[in-house]
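Undergrad: Quick check, what structure comes out for this input:
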Amino acid sequence: MYIVYVIYECLGLNLLRKTMKKIYSLLAAALVTGIWAAPVSAASYYISGNGGISWLNNVKDGAFKYGLDDGFNAAGAIGVKSNCYRYEAELGYQTNNVDKLHGPYGTSPQHGDISVWSALANGYYDIHTGIGIKPYLTAGVGAARVQFEDIRFPGYRGWSEHDSVFAYQVGAGVSVPIGNNVALDARYRYFSTAEFTLNDGYQSRVSSNNVSLGLRLGF
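TA: Next up, the predicted model:
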């Protein structure tokens, strides 16, 4: 899981270094103490990539909420698998266009983008069915860099800001073998950040529902 720590260093997520060191230590301890019942020689490694649609929930800014169009997500990961368990380091990205601002006195047009870079340590539990197709459950923790980009009313100058915050995900999916050490992967994921403070002093958070399709290559 050292890869996750390196990603955070590159993104400059200084506020989360202590948290991620603890997460890294816990994951390393779990591995050493034998969460994987199989011997190390039975473990296999893989890389994966996927992309799809993101539905970002309305993001609050005080008494206002941003209405957003459907967006897209993409993620890449490297992991290790043993029996029913998988562990991986994942770098992800999602973005959605802002199209409305909902306030106490009505709704008005709004432009801009809200995007999220994330670095997560994920765990998976694969359910063996005996026919190759494997449903699975997943959960992960890590950090996210939330970016508000050129948020503005039409015809006015926009504003931008960003923040780094704790993030997590839970989800489920299914993998279908389509070749030698190649699997098609379809998944649903709920992603959320912890609350963070905007420059105007209000608390906000980002959460989304994501559906994606991708490939997993074992080696």
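Undergrad: When you work out contacts or count neighbours from here on, use the C-alpha atoms and nothing else.
TA: Fine.
Undergrad: could you measure F153 against K100, distance?
TA: Noted for F153: a distance of 9 Å to K100, by Cα to Cα, to the nearest Å.
Undergrad: right, I mislabeled it, should have said E90
TA: Look at E90 and K100: by Cα to Cα, they are 31 Å apart.
Undergrad: Compare neighbour counts for these two and give me the winner.
TA: Neighbours per residue, other Cα atoms under 10 Å: of E90 and K100, the larger number sits with E90, 24 against 19.
Undergrad: Could you list the paired strands of the helix or strand hosting the more buried one along with their orientation?
TA: When elements are assigned from DSSP states H and E, E90 belongs to strand 85-103. When pairs are called by DSSP bridges, strand 85-103 turns out to pair with strand 64-68 (antiparallel), strand 71-82 (antiparallel), strand 106-109 (antiparallel), strand 111-126 (antiparallel).
Undergrad: Let me know the pLDDT of Y105.
TA: For Y105, the pLDDT comes out at 89.
Undergrad: Give me the phi and psi for the residue of the chain most remote from its centre.
TA: For the chain, the C-alpha lying farthest from the average C-alpha position belongs to Y105; by Cα atoms, centre = their mean, that distance is 34.1 Å. The phi/psi pair for Y105 (degrees, to the nearest 10) reads phi -110, psi 10.
Undergrad: if I look at it, how far off is F64?
TA: Between Y105 and F64 the distance, using Cα to Cα, works out to 10 Å.
Undergrad: go on, I133?
TA: From I133 across to F64, the span is 45 Å (Cα to Cα).
Undergrad: element containing P154, please.
TA: Secondary structure assignment for P154, by DSSP H and E: no helix or strand.
Undergrad: Now do the buried residues in the biggest strand by length in the chain.
TA: Longest strand of the chain, by residue count under DSSP state E: strand 159-179. Burial within strand 159-179, assessed by neighbour count using 16 or more other Cα atoms under 10 Å, is assigned to 162-177.
Undergrad: of all the residues you listed, which comes closest to G214?
TA: For those, the residue nearest G214 by Cα to Cα is S175; the value is 9.5 Å.
Undergrad: List the contacts of the closest residue to the closest one other than its chain neighbours.
TA: Spatial nearest neighbour of S175, chain neighbours left out: D185 (4.4 Å); criterion: Cα to Cα, 6 or more residues apart in numbering. Contact criterion Cα atoms under 8 Å, 6 or more residues apart in numbering gives N50, G173, V174, S175, V176, L213, G214, L215, R216 as the residues in contact with D185.
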